[in-house]
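K.L.:
what's the 3D shape of this:
(chains A and B)
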There are 2 protein chains.
Amino acid sequence: MSKKNLIVGQSGGPTAVINSSLHGVVSEGLAHSDEIGHVYGMVNGIEGFLAGRVLDFEEALPGEKLTYLTHTPGAYLGSCRYKLPESLEDPVYPELFRKFEEMNIGWFFYIGGNDSMDTVSKLSRYAAKIGSSIRVIGEPKTIDNDLIHTDHTPGFGSAAKYVASTVREITLDANVYEKKSVTIIEIMGRHAGWLTAASALARKYDGDNPLFIYLPETDFDQEAFLKDLEKAFETNCNLIVCVSEGIHDAEGTFICEYDSSVGTDTFGHKMLAGCGKYLENLVRSRLGVKARSVELNVSQRCSAAMISATDQQEAVAAGKFGVQAALNGETGKMVSFIREADADGNYQMVCGLEDVNEICNQEKVVPAEWITPDGHDVTEDFVRYARPLIQGNVNVPLGEDGLPAFVYRK
Amino acid sequence: MSKKNLIVGQSGGPTAVINSSLHGVVSEGLAHSDEIGHVYGMVNGIEGFLAGRVLDFEEALPGEKLTYLTHTPGAYLGSCRYKLPESLEDPVYPELFRKFEEMNIGWFFYIGGNDSMDTVSKLSRYAAKIGSSIRVIGEPKTIDNDLIHTDHTPGFGSAAKYVASTVREITLDANVYEKKSVTIIEIMGRHAGWLTAASALARKYDGDNPLFIYLPETDFDQEAFLKDLEKAFETNCNLIVCVSEGIHDAEGTFICEYDSSVGTDTFGHKMLAGCGKYLENLVRSRLGVKARSVELNVSQRCSAAMISATDQQEAVAAGKFGVQAALNGETGKMVSFIREADADGNYQMVCGLEDVNEICNQEKVVPAEWITPDGHDVTEDFVRYARPLIQGNVNVPLGEDGLPAFVYRK
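P.N.:
Residues are numbered from 1 along each chain as shown, chains lettered A, B, ... in the order given. As a prediction, this is how the structure comes out:
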């Protein structure tokens, strides 16, 4: 009987290193040509696979081109937001497994966040139910760092490095004038504040900006916020404030909803600006100082220049580890990261495996003890946790056009 | 008599290489210790100088530290937005020159844009009027590229590289889903569209995104815009649209004013969102497709990772050239860039000098012949002009904290 083939897909929002995880899976798959036949990619995840959209990596990214994945942001294979039905009796399951059989698939890898782990859970359970030998493994991915049972997630380190570096640069930019100013920086994270907390890494000395960091794990009080700013102005000229997009008040109302409840455009549609823009206006009108807001936006998850070498290497390692685990017969597992210290006490990470059923559809937030009692900063424990994850630069090759040389499907 | 001293200041908004120009002036000044005594910096420009805030570079940035300026964004010396009075009879002029005399200043350098060149103009004219031997030289700086009598300005190349690279990355990010989407990217530039035009450099092939580029040099028609998008959807799934913050309609109304005319926050103050946010809402409500907007914001002028090596080297060269010119007796001049071709026809830049009085308070916009007749793109001539300016990466050293190692005044 012919060798079984491997297939891998990407799902959910992209990160700067989701393609590094892909590289790990594909390169390890190709390295095991004694056991694995073709290494396929599904285009636009499980949804594209159902529509028959598949590529063969040896044709799509031959030789050296494959390594370009490790510095190319976005999801090379494309993504989807397709959720498999809860009931394993749904006809989509036999349809999927018929297609797997047609393509002689023996190993299935899915790179993504919570929802993708849900897919891995369902496919592995269905495989067990029908007695299929297909191994189904989840590769973690999310800038939000909100998956449980793993020290951190691939993608978080690079996004954290982007946040820390950019907040540092914006601080330098804000410091050029000697006129009281407030800069609000809005950072991704609806429910978990990991990425916003990473702005603490931007500080160069005690008392440096950002002076205020607000996470969605605590309630945001607008009046207390304004008082805190006024107090800070007694000793500082330019204040940098970092806020999660998902900050909310004690009643649970998102701060970004405060403006959209009133603002409408000329067509009568609600204007949906972020909490940063709202707070900018609040500060300007109430404190009468210069105020501006910066929404870091999608560059947080797609900046090649800010890829953390540590994050990139770990993403590749997780990809490879998953293939090795599948070849060892594991299934229904997600690759996890376990933090260890080397002989000198330095940060070291090893891969592990966790039951995917215990991971999907759950969420890990910043622990309360890592948030300062005043609710507008994080502790040194958080800084010690996050600092190792942003280490190292990646050399992104330039094309003749002066831009990073990426790989992409047209 | 003792050797005369040199003083240099920075003014206006910072750029990624305004400190490279500073490095050029300071290093060249220190290299001429036979003619020049101290090399001073005025903190917060002419305004800080009037308040007596001055530093000595040999103390502030000794030895190797000085080179850190070439990869540090923001204005190391701080900046100001102080405009000297029009009348040379104003008492501030004798006050300034008395201070120059007290510090035994022989050479004065000011790094900035239009307004800074106005300062250079006034000080050099006042020096001539009173028979002072002080040499006054302007060093150009602006991401907007809107100074006349120079091929381009230091700062534009790095900002253009940031725009092109980021638009490229956002394109990769937008392409991951197979659902119709419009991404509006708002780029700096109120009156001149040079930086927005640089988004054309992001394209990898004919017909690639960004599919639409709108500059403030032309009128923006909202209905025509929507029609163009609908037509583009016939052959494309994800549309990237780049707009200058200063786009306006045929009546001269800024597009960003369309929403602020209606939207107010809970305090009754006008919400000032940008044109990108307005167009996002327009597209969503009128075309019923997924729409988002990204305001590139201050990172355009302060991203160390996106410093163009060409821009950095030219900024240093301009700084050095200015000092040499001053030592040769020149005054009331701005250093300019003249484009030449080397023996192989490749891009080459040499420095020149222009009468600063002919430069200040004027503005260079993108020429009409570099904008396509349909008004939503730039021509290949623009691409040929801009491409050489974004070439080359700068290696920014990392500190132990994993962030770029910058120099700064506390």
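K.L.:
close to chain B: what parts of the stretch 51-200 of chain A are there?
P.N.:
With Cβ under 8 Å from any Cβ of the partner chain as the criterion, the stretch 51-200 of chain A comes near chain B at residues A:72-75, A:78-81, A:161, A:164-166, A:168-170, A:172-173, A:175-178. For glycine as for every other residue, the C-beta is placed from the backbone atoms N, C-alpha and C.
K.L.:
give me the distance between whichever residue of the stretch 1-150 of chain A sits closest to chain B and A:H152.
P.N.:
Across the stretch 1-150 of chain A, the shortest distance to chain B (Cβ to the nearest Cβ) belongs to A:G74, at 3.1 Å. Relative to A:H152, A:G74 is positioned 21 Å away (Cβ to Cβ, to the nearest Å).
K.L.:
start and end of stretch A:196-216, how far apart?
P.N.:
Its first and final residues considered, stretch A:196-216 spans 9 Å by Cα to Cα, to the nearest Å.
K.L.:
does A:E358 really touch A:H149, like I thought?
P.N.:
Yes - with contact defined as Cβ atoms under 8 Å, A:E358 reaches A:H149; the gap is 6.5 Å.
K.L.:
settle it for me: which of the two has more neighbours?
P.N.:
A:H149 (18 against 12; other Cβ atoms under 10 Å in any protein chain shown).
K.L.:
residues near the closest residue in space to the more buried one that isn't next to it in sequence, how many?
P.N.:
If the residues on either side of it in the chain are set aside, A:H149 comes closest to A:E354, at 4.3 Å by Cβ to Cβ, 6 or more residues apart in numbering or on different chains. Neighbour count of A:E354, defined by other Cβ under 10 Å: 19.
K.L.:
if I pick A:E354, what's in contact with it?
P.N.:
Each residue near A:E354 by Cβ atoms under 8 Å, 6 or more residues apart in numbering or on different chains is listed here: A:149-150, A:333-334, A:336.
K.L.:
reformat those residues as CSV; add distance to B:Y93 and secondary structure.
P.N.:
CSV is the format used below for the contacts of A:E354 (distance: Cβ to Cβ, whole Å; DSSP: H, G, I helix; E, B strand; the rest coil):
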residue, distance to B:Y93, secondary structure
A:H149, 71, coil
A:T150, 66, coil
A:K333, 77, strand
A:M334, 71, strand
A:S336, 70, strand
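K.L.:
and the furthest pair within the residues you listed?
P.N.:
Farthest pair in these (Cβ to Cβ) is A:T150 and A:K333. Separation: 11.7 Å.
K.L.:
wait, A:G246 sits on A:H191?
P.N.:
Yes - taking Cβ under 8 Å as the definition, A:G246 is a contact partner of A:H191 at 5.8 Å.
K.L.:
more neighbours, the two?
P.N.:
A:G246 (21 against 15).
K.L.:
may I have the phi/psi pair for the more buried one?
P.N.:
Here is the backbone geometry of A:G246 (degrees, to the nearest 10): phi -100, psi 20.
K.L.:
same question, the one 5 residues further on
P.N.:
Comment: the main-chain dihedrals of A:E251 come out as phi -80, psi 0, following degrees, to the nearest 10.
K.L.:
report the central residue of chain A.
P.N.:
In chain A, the C-alpha closest to the average C-alpha coordinate belongs to A:I143, at a distance of 1.6 Å (Cα atoms, centre = their mean).
K.L.:
and the closest residue to that one other than its chain neighbours, how far is that from A:F212?
P.N.:
Using Cβ to Cβ, 6+ apart and skipping residues adjacent in sequence, the residue nearest A:I143 is A:A159, 3.7 Å away. To A:F212, A:A159 is 20 Å away according to Cβ to Cβ.
K.L.:
what does A:E314 give?
P.N.:
Relative to A:F212, A:E314 is positioned 31 Å away (Cβ to Cβ).
K.L.:
who's more crowded, those two?
P.N.:
Ranked by neighbour count (other Cβ under 10 Å), A:E314 and A:F212 place A:E314 first, with 27 against 21.
K.L.:
mind giving me the packing neighbours of the helix or strand that one falls within?
P.N.:
Secondary structure assignment for A:E314, by DSSP states H and E: helix A:309-327. In terms of contacts (3 or more Cβ pairs under 8 Å, 6 or more residues apart in numbering or on different chains; DSSP states H and E), helix A:309-327 is packed against helix A:18-31, strand A:105-112, strand A:135-140, helix A:156-174, strand A:333-341, strand A:347-355.
K.L.:
can you tell which of these is closest to B:L239?
P.N.:
helix A:18-31 (23.1 Å).
K.L.:
can you list contacts of the closest one?
P.N.:
For helix A:18-31, the external contacting residues (Cβ under 8 Å, 6+ apart) are A:6, A:8, A:10, A:36, A:39, A:41, A:57-58, A:61, A:66-67, A:69-70, A:72-77, A:107, A:109, A:111, A:139, A:141, A:154-155, A:311-312, A:315-324.
K.L.:
partner strands of the helix or strand that comes right after that helix, with direction?
P.N.:
Using DSSP H and E, the helix or strand that follows helix A:18-31 in sequence is strand A:36-42. Under the criterion DSSP bridges, strand A:36-42 sits next to strand A:4-10 (parallel), strand A:54-56 (antiparallel) in its sheet.
K.L.:
tell me how far strand A:36-42 is from the chain's mean position?
P.N.:
With Cα atoms, centre = their mean, to the nearest Å as the basis, strand A:36-42 stands 25 Å off its chain's centre.
K.L.:
angle of it against helix A:18-31?
P.N.:
Here strand A:36-42 runs at an angle of 160 degrees relative to helix A:18-31 (axes from the mean of the first three to the mean of the last three Cα atoms, to 10 degrees).
K.L.:
okay, angle between strand A:36-42 and strand A:105-112 too, please.
P.N.:
40 degrees.
K.L.:
tell me if whichever helix or strand comes after strand A:36-42 is near chain B.
P.N.:
Where DSSP H and E defines the elements, the next helix or strand beyond strand A:36-42 is helix A:45-50. Yes - under the criterion of Cβ under 8 Å from any Cβ, chain B is reached by helix A:45-50 at A:47-48.
K.L.:
which other helices and strands contact helix A:45-50?
P.N.:
Judged by 3+ Cβ pairs under 8 Å, 6+ apart, helix A:45-50 is in contact with strand A:4-10, helix A:92-102, strand A:105-112.
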